[in-house]
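Colleague: Fold the following for me, if possible:
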Amino acid sequence: MYYMNKTKRNLILAAAILNLIGITASLVLSIILIVNREAVQEYLELYYFVSYSTNIVYTIISFIIGLVGSILLIYSVRAKGKYFRRSQGMYLTGFIIIIFFGGFIPWILLFISLFVSDVIVINSRSELREEEKQEIKNDQAYELKKRKIEELKRLRDSGEITEEEYKQKLFELL
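Modeller: Purely as a prediction, here's the structure:
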């Protein structure tokens, strides 16, 4: 089986999460600045890593677009990156959005993730054989239960067992 490189996946997730934090802080700071600029004027130098604006429309649009970018990044590495190859369009779209609407640190993390290979973990042949054996066992168990359920239905329909006995045996089987 193929799985995504954990380093690349963690870099992408960290970039998406840091972007979410940054755009949320930017939105909150911009709202506070619009409401009462004098109250936070002395703390503005602490927020040098967060962009802020007194134009609330621009801030809200930037927040929404940044949110979409982060969601696309998170979705592209779903299921431990199992579907990353199919989701590369979403990854690239989220990457571009983060470049234009995200913060500096998420952009750097995504840039580093470009140089990490995508999917490299391949199970050994013995692990693949074990997985195949397990799948065969699961299929056999499913077929056996299916036959037993069909037999119970036949017995119930023919009147050999009551509805309560049928339910009890079905409960025990499942």
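Colleague: need the longest helix for the protein.
Modeller: helix 125-158 (DSSP state H).
Colleague: Kindly provide the whole-number mean pLDDT of that helix.
Modeller: The predicted model assigns helix 125-158 a mean pLDDT of 79.
Colleague: Also stretch 82-100?
Modeller: 81.
Colleague: and it, which residues are buried?
Modeller: Neighbour counts over stretch 82-100 (16 or more other CB atoms under 10 Å) mark 84, 87, 90-91, 93-95, 97-98 as buried. Using the backbone N, CA and C atoms, a C-beta is placed for each residue, glycine as well.
Colleague: one step back: if you count neighbours, what's buried in the longest helix of the chain?
Modeller: 152, 156.
Colleague: Centre of the chain to it, how far?
Modeller: 32 Å (CA atoms, centre = their mean, to the nearest Å).
Colleague: same thing with stretch 79-86?
Modeller: 9 Å.
Colleague: Same check on stretch 69-85?
Modeller: The answer for stretch 69-85 is 5 Å, by CA atoms, centre = their mean.
Colleague: Apart from its chain neighbours, what residue comes closest to the residue nearest the centre of the chain?
Modeller: Nearest to the geometric centre of the chain sits residue 78, at 3.6 Å (CA atoms, centre = their mean). Leaving aside its chain neighbours, residue 78 sits nearest to residue 87 (7.5 Å; criterion: CB to CB, 6 or more residues apart in numbering).
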